[in-house]
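Asker: Okay, sequence plus prediction incoming.
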Amino acid sequence: MENNKNSDKLNKEEEIDLGQLFKLIGGMFSRLYYGIYNFIKSILMLFLSIVLFIRRNSVKLVIGSVVGLILGSLNFYIKDAKPVYESSMTVSPNFNSTLQLYKSIKYFNALISFDDVKMLSKEFNITPEEAESLKNIEIEPYDNSTQTFISYKTFVKDLDTTLLELVDYKRFSREKDIESFVSHVITVESDNRFIFPKLENTIITSVSNNLYYKNYKEVYNSSLKEQIVAYERSIAALDTLQRSYKEVLISSKGEGAANNIYMEAAYQQETRDVFDKYIEANSDLSEMKSLLAENIEVVNILSGFSPVGSKVGVVTRDSRVFGLVLGFLLVLLVLTLIEINKWLVTFEKEKK
């Protein structure tokens with residue numbers, strides 16, 4: 001009997017524990033449901049408040065937009081009536097000259113921003129009218145997965161294993177600086193659609209005429225040319241040696257059988273060794289010639305400016321659209337600040 005009582009007691013305790021557990025789970029789901037419900041309700045109320053606020057002040061917002069449109073239209077017909085054209089040039093700087101290239105572009109853009117027609121005309125060797133037509137010049141890295149991978153390979157080539165673990169490919173692709181990019185795109189905007197090829201030479205020479213990079217290029221290329229000559233001589237010598245071994249093998253055919261086998265085996269091994277060195281030297285020579293071709297200039301032009309620029313998007317550049325949007329946003333901001341001030345005044349009174 002006592003065992004039955006203990007068993008019933010345990011069953012009741014288990015039922016109570018399960019009941020509490022289900023109750024706890026139900027409470028959690030209930031809180032989660034009401035939490036989601038209240039969140040969605042708050043979002044909808046906020047949206048409705050914004051809509052009602054705009055409806056209450058619709059006349060003021062329309063007036064602000066119209067004023068912005070009028071001012072933008074005046075600016076458009078006075079300054080921006082001419083269509084704007086753009087063209088891009090892709091370049092690859094060598095000898096760590098990327099920063100200098102970016103500084104040059106920044107300098108040219110500063111001249112454009114300050115409307116310094118005289119200096120622009122002098123720098124680019126163009127007429128004042130052509131200099132006045134320039135609207136903007138900017139540069140940005142050309143980024144794609146292939147370029148990033150090439151940059152990463154170049155970056156990690158000389159790193160030891162410990163440092164390599166700290167800089168993986170994903171982190172490198174997120175944090176790499178402009179010097180890590182192989183190619184860069186220079187974009188110019190102008191209301192003269194034919195001016196772009198005239199700017200190309202000045203942009204390149206602004207870096208390549210720098211004395212440091214000029215000397216760097218000459219020393220580097222001179223060293224490469226000497227190595228190429230040395231490798232060409234080595235390849236010629238190896239080629240001569242291969243022919244000599246072949247002649248010796250042919251002449252050894254007339255000697256005794258035992259001696260012939262020994263000579264043939266020895267010279268075949270020597271021929272293979274010479275041939276391997278010949279292939280290796282040719283591979284190194286090809287690599288050096290590629291390096292010389294890539295570094296023949298301080299800044300390589302991968303693709304130049306097009307002879308005729310393409311028209312820039314009208315909507316994104318149109319000062320009328322900009323004025324309309326700006327007028328609307330300014331009035332909206334002022335009205336929002338007024339509403340916030342009213343709420344603060346009410347809150348302050350209730351607090352007192």
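Answerer: That came through, no problem.
Asker: Assign residue 187 to helix, strand or coil.
Answerer: Three-state call for residue 187 (DSSP: H, G, I helix; E, B strand; the rest coil): strand.
Asker: I'd say it and residue 84 touch.
Answerer: No. Counting by Cβ atoms under 8 Å, residue 187 stays clear of residue 84, with 11.8 Å between them. All C-beta spots, glycine's among them, are computed from the backbone N, C-alpha and C.
Asker: Comparing those two, which residue is more hemmed in?
Answerer: The neighbour comparison of residue 187 against residue 84 (other Cβ atoms under 10 Å) goes to residue 84, with 20 against 16.
Asker: quick one: low-confidence parts of this structure?
Answerer: Across the chain, the ranges flagged by pLDDT under 70 are 1-23, 76-81, 144-148, 150-151, 154-175, 245-271, 313-318, 351-352.
Asker: Just the strands from it, written as ranges.
Answerer: All strands of the chain, identified by DSSP state E, fall at 85-93, 134-141, 184-190, 299-303, 310-311.
Asker: Next, format those strands as a markdown table and append distance to residue 340.
Answerer: Output for the strands of the chain, formatted as a markdown table (distance: least, Cβ to Cβ, whole Å):
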| stretch | distance to residue 340 |
| --- | --- |
| strand 85-93 | 42 |
| strand 134-141 | 37 |
| strand 184-190 | 40 |
| strand 299-303 | 53 |
| strand 310-311 | 43 |
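Asker: ok, now which ones touch residue 117?
Answerer: 128, 131, 132 (Cβ atoms under 8 Å, 6 or more residues apart in numbering).
Asker: try it again with 10 Å
Answerer: 111, 127, 128, 129, 130, 131, 132, 133, 134 (Cβ atoms under 10 Å, 6 or more residues apart in numbering).
Asker: can you tell me which of these lies nearest to residue 221?
Answerer: Proximity of those to residue 221 was ranked by Cβ to Cβ; the top entry is residue 111 with 32.5 Å.
Asker: OK, contacts around that closest one?
Answerer: 117, 118, 119, 120, 121, 122, 123, 124, 131, 134, 137.
Asker: returning to what we had before: generate a PyMOL selection restricted to the buried subset of the contacts of residue 117.
Answerer: A single PyMOL command selects the buried members of the contacts of residue 117 (16 or more other Cβ atoms under 10 Å):
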select buried, resi 111+130+131+132+133+134
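Asker: Next step: the contacts of residue 117 restricted to helices.
Answerer: Using DSSP state H, the subset of those located in helices is 111, 128, 129, 130, 131, 132.
Asker: Which pair of those spans the longest distance?
Answerer: Farthest pair in those (Cβ to Cβ) is 111 and 129. Separation: 15.7 Å.
Asker: Identify the residue nearest the geometric centre of the protein.
Answerer: Taking Cα atoms, centre = their mean, the centroid of the chain lies closest to residue 143, which sits 3.8 Å from it.
Asker: Quickly list the domain ranges of the protein.
Answerer: Split into domains by automatic domain parsing, the chain comes to 1-55, 57-80+318-352, 83-215+301-316, 216-297.
Asker: Now for the nearest residue to residue 57 once chain neighbours are set aside: which residues touch it?
Answerer: Excluding its sequence neighbours, the residue lying closest to residue 57 (Cβ to Cβ, 6 or more residues apart in numbering) is residue 335, at 5.1 Å. The contact partners of residue 335, by Cβ under 10 Å, 6+ apart, come to 53, 54, 56, 57, 60, 61, 64.
Asker: Good, we can wrap up now.
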